[in-house]
Structure formats: structure tokens, C-alpha cells
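S.K.: Only the shape, not the letters, is given here:
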């Protein structure tokens, strides 16, 4: 049998026989689902920003030192619209839900596009550690409340001119009157609100309740080394510590297992969409 097919079947068998599935999803999974931050998708949506600022992809554009709040928010309005509000459901996230929906699962993700909620995963089974594109906060975290900016996005997206939004649309903190920021973890001012702590508690309780003597699958999807201490390293540690654990790692660039987990890891560097198409064709 082809070694790729053998790995696919072994991984699918581990998923089918699992008692608990802990999903760890990183940027590579969203990219495989179509939310690519570079290439044609970036060129098609950010040509004016490319010409004016020389930005090279959507990720690096978020760190560009825009000179005014009007410019900064024009970028964020476009970025959030493209990656949060105009996408809708995606095939790959839907396939993942179909794969695990009848299992006792939990999702830990560093992705901020809200795709797990959009595609119907249970709210109480998701912990988005790094924030959400649909929320904003005080830039200096003067208080711990988050705010939806959906109405702002849909109003301002039509009014961007010369890579700026009108000054009267620039959001200000309702408490201190200072600048606002998208709620993503990029500095020490990231706000962890009540909902964030609820999600964190749900994840901790899931891990505590998962019986280490039963079959546990750590399904790691597109997680690299940008923030490895959130998903990649803990998954490796828990796989090592749990006697009946299997780590299934899908990563085009970094699929390798650590030596101590070599016999407990099934690695893939093939296309994630191809892997899921195969698994979904063999659902029990």
C-alpha cells in the first residue's frame, strides 16, 4: 500500500477510535481553507495600500507604522472585511466539523478570523487565545471590555479614499477617549475579557476531564513556530505524557515529530485539503 495512504488510514483509524479529540489550529489551516494573506488574494484586495506603502502581504501590513488613525483604520477596516466578514463558511472548516462532530472534542486556536464559529462549532468548545478580528478594545487597555465594530466596518469600507477613512469614523475609547485597537494579541495591552477567561476555563476543564487512560488524539493543523508555546509544544508534551495519545500533525513546512514521540505521531506535509477529502470519503 502507498505510504501516504497508509498514514491517512492510520490517522483516520486513530480519530475513529478516539475518546477525546483536542484540535489545535494555526495559520496554516486558515491558509489551506483559502484565507491566504499573500499572493493574488492580497494583490486583488490591497492594491492601493501596496502602491502607497509598499506593503508585501496582509500579515506584515498589520505592523506598518501608519501615520494617522485614519490610515491605520482604513487598513484594518479593509483587512477585517476581507478576512472576517466577506468570507463566510469555508469547505475545510466544515469538513473538520463533520470529522469530529460526533466526538468529544475541543478547539484551541491562534486564528482570529472567527471561522470556527462561522462554520458551526460549539461556542463552549472553542478557545481562541489570540483574539478576534470582529472585536476592538482600548489601545492602552484602560478597561477590559471588548466592542463589536461590525457596523463600523460595513459603513467605512465604502468610504476609504487614498487609504484613509473619514475622521468622524475613527473609533475612540468610550472610557479614556484614547485610540482603539483591534483585539489581537500583539503587545502587552491585549485585553483578555470575561469571555476570554471563560474560554480558557473551558479548555482547562476539558483537559482535566480527559481520561489519560483512554484514547486521545491531538489533531494539530497548520501550526508552525510563530507561537509554538500555545499549541505545538504543549501538544507534544501531552502526547508524551498520555499513554494512549496520538499526535496527528498536518504541516507542509514542519511536519516532523520530536524523537520521543516518533512512534506516537502521524505526520503529513501533503496538502491539507487533500487529506481531509480522503478522510471525509471514509467516514464511518
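M.R.: On my side now, so go ahead. Not measured: the values here are computed from a predicted model.
S.K.: mind listing what residue 138 touches?
M.R.: Residue 138 sits next to 173, 175-176, 178-181, 189, 191 when contact means Cβ atoms under 8 Å, 6 or more residues apart in numbering. Heads up, the C-betas are built off the backbone N, CA and C, glycines and all.
S.K.: Which positions within stretch 237-252 qualify as buried?
M.R.: Neighbour counts over stretch 237-252 (16 or more other Cβ atoms under 10 Å) mark 238-239, 242, 244-251 as buried.
S.K.: What of stretch 92-102?
M.R.: Neighbour-count burial for stretch 92-102 [16+ other Cβ under 10 Å]: 92-97, 99-100.
S.K.: now swap in stretch 170-185 and tell me
M.R.: 170-171, 173, 180-185.
S.K.: What of stretch 273-284?
M.R.: 275-276, 278-279.
S.K.: Which residues are in contact with the closest residue to residue 210 other than its chain neighbours?
M.R.: Excluding the flanking residues, the one nearest residue 210 by Cβ to Cβ, 6 or more residues apart in numbering is residue 20, at 4.5 Å. Shown in contact with residue 20 (Cβ under 8 Å, 6+ apart): 103-106, 206, 210-211, 214-217.
S.K.: which of those tops the neighbour count?
M.R.: residue 217 (26 neighbours; other Cβ atoms under 10 Å).
S.K.: re earlier: which residues does the residue nearest to residue 210 bridge with?
M.R.: residue 216 (DSSP bridges).
S.K.: Closest one to residue 135 out of the buried residues of stretch 273-284, please.
M.R.: residue 276 (28.8 Å; Cβ to Cβ).
S.K.: Hmm, residue 93 and that closest one touching each other?
M.R.: No: here residue 276 does not reach residue 93: they are 9.9 Å apart, not a contact under Cβ atoms under 8 Å.
S.K.: Need the overlap of contacts for those two.
M.R.: What both residue 276 and residue 93 touch, as defined by Cβ under 8 Å, 6+ apart, is an empty set.
S.K.: Can you give me the distance of residue 156 to residue 173?
M.R.: Residue 156 sits 18 Å away from residue 173, taking Cβ to Cβ, to the nearest Å as the criterion.
S.K.: Identify the single longest helix in this structure, thanks.
M.R.: Assignment by DSSP state H gives helix 194-209 as the longest helix of the chain.
S.K.: just checking, what packs against that helix?
M.R.: Here helix 194-209 touches strand 20-25, strand 105-109, strand 126-128, going by 3 or more Cβ pairs under 8 Å, 6 or more residues apart in numbering; DSSP states H and E.
S.K.: Return the set of buried residues in stretch 46-56.
M.R.: 46, 49, 53, 55.
S.K.: Which pair of those spans the longest distance?
M.R.: Across the buried residues of stretch 46-56 (Cβ to Cβ), the longest gap, 9.3 Å, separates 46 and 53.
S.K.: what residues are up against the residue nearest the centre of the chain?
M.R.: Residue closest to the average C-alpha location in the chain (Cα atoms, centre = their mean): residue 111, at 1.5 Å. If you count contacts by Cβ under 8 Å, 6+ apart, residue 111 has them with 25-27, 29-30, 128, 130.
S.K.: Equivalent analysis for residue 147, please.
M.R.: Residue 147 neighbours (Cβ under 8 Å, 6+ apart): 135-137, 171, 174, 180.
S.K.: Take those and keep only those in helices.
M.R.: Among the contacts of residue 147, no member lies in helices (by DSSP H).
S.K.: Let me have those residues in TSV, extended by pLDDT and distance to residue 67.
M.R.: TSV is the format used below for those (pLDDT from 0 to 100; distance: Cβ to Cβ, whole Å):
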residue	pLDDT	distance to residue 67
135	98	25
136	98	20
137	98	22
171	98	18
174	98	25
180	98	17
